Structures are given as structure tokens and as C-alpha cells.
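Undergrad: after the sequence you'll find the predicted model.
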Amino acid sequence: MKSLLKSLVEIPAPPGHEKELRDFVREEIETMADEIRVDSMGNLIVRKGEVREGGKRIMIASHLDEIGLIATHIDKRGFIRFTNMGGVYPSYLLGGRVRFLDGTRGVIDVEGSGKRKKVPGLDKMYIDIGAENENQCSIDIGDVAVFDRPWLDLGKRVVSKALDDRVGVAVMVETLRKVHQSPKRTPHESWFVFSNQEEVGLRGAGPAAYQLEPDIGLAIDVTRTGDTPQGVKMDVSLGEGPAIKIRDKGMLSHPEVVDWMIDVARKHKISCQREVLERGTTDAASIQLTRGGVPSGCLSIPCRYVHSPSEMVDWDDVQQAAILLEKLLFEPFLGS
Ligand SMILES: [Zn+2]
């Protein structure tokens with residue numbers, strides 16, 4: 001799964017530009033799917049199994065897109081002004097490098113010089129691609145870029161841009177593979193949705209849920225941790241297992257979905273953590289509010305430095321998340 005994850009993070013997929021990554025994922029999973037399609041939003045939708053005795057229709061979503069930057073203005077000297085696509089923190093940008101979808105690379109700096117007491121806003125920053133003037137600048141208004149930073153394998157922990165949410169995509173691909181290879185059939189009809197435009201407002205998952213009318217919705221995504229120096233007060237740490245979301249800023253998980261996840265983890269001796277996240281949300285929030293409402297939850301992979309060019313996850317957490325998702329799909333949902 002590690003080499004799969006490395007391939008996934010290296011394909012740029014800012015919001016609205018998920019096609020190259022979607023095609024890659026489709027190729028990985030096509031032979032394992034009972035049904036596969038791309039909807040008009042650009043979500044890649046895969047069915048595995050059908051509802052059998054005691055089973056449910058479960059939608060599982062992870063998002064293909066990553067945060068990015070979009071060019072807004074190019075001045076006479078070829079400096080590119082930009083704004084954010086999703087939750088970009090100015091403090092993570094200065095001195096960093098970005099790559100546009102055509103392969104053009106550039107560095108980010110800020111107006112003025114000398115010591116800065118405060119982190120400047122994006123409106124004071126620019127991208128320098130080495131152009132000598134406006135005519136030499138190959139970038140157009142509306143072109144988009146992502147962080148340009150190599151994958152780093154630290155052994156038990158890995159570091160990369162876009163682990164949010166390629167780690168969820170990798171967990172879903174791995175789970176689909178296990179379900180496909182298993183001699184047993186699951187009681188559930190599982191819909192694996194590789195969604196898009198999550199980072200700009202959970203835009204892909206809602207229409208997908210509307211089409212699929214699931215009984216249960218699950219997102220697989222990263223969550224923050226409270227285990228760094230003077231970090232936020234949050235009871236999630238790297239290396240202590242996947243987290244089961246109880247609440248985030250956009251959603252209260254359905255209690256029966258939480259119980260199901262915790263019971264199955266206990267039964268299979270998978271250590272997991274209870275998550276209450278004060279900032280951020282996931283596709284589960286938009287699935288939950290579709291049609292008449294969908295009981296929803298989220299399986300989270302603890303991640304440090306979320307939305308930075310160097311997000312960090314613990315490899316055991318990633319593997320345990322894949323095992324827990326697989327077990328969930330083989331266990332009945334005992335809620336109402
Ligand atoms: Zn995410």
C-alpha cells in the first residue's frame with residue numbers, strides 16, 4: 001500500500017482538476033469493481049456486492065482533490081498573484097515551491113523585504129517562475145498549482161503533501177482489494193466513492209449520495225492530532241490507531257454508526273481513538289444532509305501538519321484503518 005500511496009500523492013489534483021488522478025485510481029480498481037462509473041460532477045463511483053440478509057447500502061467516500069493555488073493576476077515583470085483553493089495557510093507558503101498542472105514550477109515570496117513580525121496574507125505574496133517579463137510567463141489567469149515537495153519515508157511515519165486525502169484513497173483501494181479477494185461475501189452493498197472538490201466545500205460527495213441513496217455514509221479522511229509541542233488540546237495522537245469521529249465542526253456522527261465502528265474495532269482487537277475535532281469537517285457532513293438524511297460517520301487517519309506541504313501520518317494507523325474498514329464491511333450494522 002505504501003508504493004500505491006506514493007504514486008497517489010505524486011499526481012497533482014487540485015479541486016476541479018481530479019481527472020488524471022481519477023484515471024489512475026480507475027485503472028487500479030477497474031477489475032475489482034462490480035460496477036464502475038464517473039458521474040457528472042466527476043466523482044468516481046464503484047459498487048462492490050449487493051445487499052444480502054441483514055445488509056445495508058453503504059457509501060464510503062474519500063476525496064481525490066488536494067488544496068491548491070489559482071493564478072489571479074500576472075504583472076509586467078511576470079510575477080504571478082494567486083488566491084487559495086481550499087484551506088491554504090499563508091504561514092506554510094513562504095519559501096515554498098509550487099507546481100502548475102503544465103509542469104511549470106515556481107517559488108513563493110512576499111512583497112517588501114526585511115524582518116516580518118506578522119505572517120502576510122496571500123494578497124501580499126506572489127509566485128516567481130523565473131520569467132523575465134509578462135510575455136515570458138507561461139501561466140494564465142485561472143491556472144492552478146499544488147505544493148511541490150518530495151515524498152519522505154521516515155520508516156514508521158511518512159511525510160508528503162496531499163496525504164489529505166490520498167491516504168483515505170489508498171485505504172479504500174486496499175479495502176476494495178481485500179473484499180474482492182476474500183472467499184466470503186459481505187452482507188452489504190458497498191459504494192466506494194472517490195469524490196472531488198472536497199477542499200472547496202464538500203461539493204462532490206453530496207450529489208454522489210443523492211444518486212446512491214445510501215443507508216449509511218462513511219468518510220475516510222485525515223484528522224488533526226494534539227500530540228505536538230503545545231499543540232491543541234485534542235485527544236488524538238499519531239500511532240495510537242485510526243480515530244472514530246464523534247464530532248467535528250460540520251457534523252455530529254450518528255451514534256449508532258459510532259457504536260458500530262467501536263464495537264467492530266473491539267471485536268477484532270483493533271486499537272482506535274475517539275475523535276472530537278474542533279476545526280474542519282469531511283465529506284460525511286455533506287452525505288449526512290442528503291435527501292431525508294443519511295446516518296453517517298467517519299473513519300479518520302491521524303495526521304500532523306494538515307494542509308501543509310509536509311503532512312505526516314503513522315504507517316500502522318494507515319494499515320489499521322484499512323483493516324477496520326474491511327472488518328466493518330463484513331459485519332452487520334445493528335442499528336435501526
Ligand atoms: Zn480531507
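TA: Received the coordinates, thanks.
Undergrad: only C-alpha atoms for contact and neighbour calcs from this point on.
TA: Fine.
Undergrad: who's in contact with the nearest residue to Leu93 once chain neighbours are set aside?
TA: Once flanking residues are discounted, Leu93 sits nearest to Ile108: 6.6 Å by C-alpha to C-alpha, 6 or more residues apart in numbering. Neighbour list for Ile108: Leu93, Leu94, Gly95, Gly96, Arg97, Val98, Met125, Tyr126, Ile127, Asp128 [criterion: C-alpha atoms under 8 Å, 6 or more residues apart in numbering].
Undergrad: where exactly do the strands run in the stretch 51-200 of the chain?
TA: Ranges of strands in the stretch 51-200 of the chain, per DSSP state E, counting those that start in this stretch, are 57-63, 68-74, 80-85, 97-100, 105-110, 125-128, 144-147, 152-153, 157-160, 189-195.
Undergrad: tell me the most buried of the ones you listed?
TA: When neighbours are counted by mean count of other C-alpha atoms under 10 Å, the highest per-stretch mean among those falls to strand 57-63, a mean of 28.
Undergrad: quick check: angle from it to strand 189-195?
TA: Angle of strand 57-63 versus strand 189-195, following axes from the mean of the first three to the mean of the last three C-alpha atoms, to 10 degrees, is 20 degrees.
Undergrad: ok, the residue nearest to Gln273 when sequence neighbours are not counted - contacts?
TA: If the residues on either side of it in the chain are set aside, Gln273 comes closest to Ala243, at 4.4 Å by C-alpha to C-alpha, 6+ apart. In this structure, Ala243 makes contact with Thr223, Val236, Cys272, Gln273, Arg274, Glu275, Leu299, Ser300, Ile301, Pro302, judged by C-alpha under 8 Å, 6+ apart.
Undergrad: those residues of the protein touching the ion, which are they?
TA: Taking C-alpha under 5 Å from the ion as the test, the list of the chain residues beside the ion reads Asp164, Asp165.
Undergrad: which helix in the chain has the most residues?
TA: helix 163-181 (DSSP state H).
Undergrad: buried residues of it, list them for me.
TA: If you call a residue buried by 16 or more other C-alpha atoms under 10 Å, then helix 163-181 has these buried ones: 163-177, 179-180.
Undergrad: could you export that helix as CSV, CA atoms only?
TA: The C-alpha coordinates for helix 163-181 follow below in CSV (Å, rounded to 0.1, in the frame of the first residue of the first chain):
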residue,chain,number,x,y,z
LEU,A,163,-1.8,12.9,2.4
ASP,A,164,-5.2,14.6,3.0
ASP,A,165,-6.8,12.6,1.5
ARG,A,166,-4.7,10.3,-0.6
VAL,A,167,-4.3,8.2,2.5
GLY,A,168,-8.0,7.8,2.5
VAL,A,169,-8.0,6.9,-1.2
ALA,A,170,-5.2,4.3,-0.5
VAL,A,171,-7.2,2.8,2.4
MET,A,172,-10.3,2.5,0.2
VAL,A,173,-8.4,0.9,-2.7
GLU,A,174,-6.7,-1.6,-0.3
THR,A,175,-10.1,-2.4,1.3
LEU,A,176,-11.7,-3.0,-2.1
ARG,A,177,-8.9,-5.3,-3.0
LYS,A,178,-9.4,-7.3,0.3
VAL,A,179,-13.1,-7.5,-0.2
HIS,A,180,-12.5,-8.6,-3.8
GLN,A,181,-10.0,-11.3,-2.8
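Undergrad: ok and it relative to strand 189-195, angle-wise?
TA: Between the axes of helix 163-181 and strand 189-195, defined by the same axes, to 10 degrees, the angle is 150 degrees.
Undergrad: neighbouring contacts of helix 163-181?
TA: The contact list for helix 163-181, computed with C-alpha under 8 Å, 6+ apart, reads 1, 4-5, 8-9, 28-29, 32, 48, 62-66, 185-186, 192, 194, 220-222, 301, 306-307, 311-313, 318-319, 321-323, 325-326.
Undergrad: kindly recompute the last result at 6 Å.
TA: Contacts of helix 163-181 with the rest of the structure, by C-alpha atoms under 6 Å, 6 or more residues apart in numbering, involve Leu5, Met32, Ser62, His63, Ile220, Asp221, Val222, Ala322, Glu326.
Undergrad: now do stretch 189-201
TA: For stretch 189-201, the external contacting residues (C-alpha under 6 Å, 6+ apart) are 15-16, 43-51, 57-65, 86, 203-205.
Undergrad: mean confidence score for that stretch?
TA: In this model, stretch 189-201 carries a mean pLDDT of 97.
Undergrad: now swap in stretch 235-254 and tell me
TA: Predicted confidence along stretch 235-254 averages 97 (mean pLDDT).
Undergrad: any idea how far it is from the chain center?
TA: The chain centroid and the centroid of stretch 235-254 are separated by 15 Å under C-alpha atoms, centre = their mean, to the nearest Å.
Undergrad: in CSV, list the C-alpha atoms belonging to it.
TA: These are the backbone C-alpha positions of stretch 235-254, laid out as CSV (Å, rounded to 0.1, in the frame of the first residue of the first chain):
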residue,chain,number,x,y,z
ASP,A,235,-7.1,13.5,22.4
VAL,A,236,-5.8,12.1,19.1
SER,A,237,-2.2,11.1,18.6
LEU,A,238,-0.2,9.6,15.8
GLY,A,239,0.4,5.8,16.2
GLU,A,240,-2.5,5.0,18.5
GLY,A,241,-4.7,3.7,15.8
PRO,A,242,-7.3,5.2,13.5
ALA,A,243,-9.8,7.6,15.0
ILE,A,244,-13.6,7.2,15.1
LYS,A,245,-15.2,10.6,14.7
ILE,A,246,-17.8,11.6,17.1
ARG,A,247,-18.0,15.3,16.2
ASP,A,248,-16.3,17.8,14.0
LYS,A,249,-17.1,21.4,13.1
GLY,A,250,-19.6,20.3,10.4
MET,A,251,-21.1,17.1,11.7
LEU,A,252,-22.3,15.1,14.7
SER,A,253,-21.7,11.4,13.7
HIS,A,254,-24.8,9.2,14.1
